[in-house]
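Chemist: Show me the folded form of this:
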Amino acid sequence: MINITVDRERCKGCSLCVPFCPKKIIQLSAGINSSGYHPAEIIDQGKCTGCGNCAKMCPDLSIEIIKEV
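Modeler: Down below sits the predicted model:
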């Protein structure tokens, strides 16, 4: 199982992660964080393959991928 977490407070909503997700399961949230940004959110954890593209593209290290065995 793969679990993706986005640190909503660290994310500045740059959206660099969005186009690099091959499964298209990342979008910017309608809500805002305490800095006034729309952070990234995962819309379907079950479709994630754990490729890591989103985490690699994140300039703020806001995305963490945990592969559970």
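Chemist: which ones are touching the spatially closest residue to I43 that is not a sequence neighbour?
Modeler: Leaving aside its sequence neighbours, I43 sits nearest to I25 (C-beta to C-beta, 6 or more residues apart in numbering; 5.3 Å). The way it works is simple: take the backbone N, C-alpha and C, and place the C-beta from them, glycine included. I25 is in contact with 42-45, 47-48, counting by C-beta atoms under 8 Å, 6 or more residues apart in numbering.
Chemist: ditto for I66
Modeler: By C-beta under 8 Å, 6+ apart, the contact list for I66 reads 2-5.
Chemist: Now do the strands in the chain.
Modeler: Per DSSP state E, the chain carries strands over the ranges 2-6, 26-28, 40-42, 63-67.
Chemist: Now do the contacts for I26.
Modeler: Neighbouring residues of I26 by C-beta under 8 Å, 6+ apart: 17-18, 40-43, 54.
Chemist: from these, which would you call buried?
Modeler: Buried members of the contacts of I26, scored by 16 or more other C-beta atoms under 10 Å, are 17, 40-42, 54.
Chemist: Skip the chain neighbours and tell me the closest residue to F20.
Modeler: Closest residue to F20 apart from its sequence neighbours, by C-beta to C-beta, 6+ apart: N53 at 4.2 Å.
Chemist: ok, which pair from the contacts of I25 is furthest apart?
Modeler: I43 and C48 (10.3 Å; C-beta to C-beta).
Chemist: re earlier: of all the strands of the chain, which one is nearest K12?
Modeler: The nearest among the strands of the chain, by C-beta to C-beta, is strand 40-42 at 9.6 Å.
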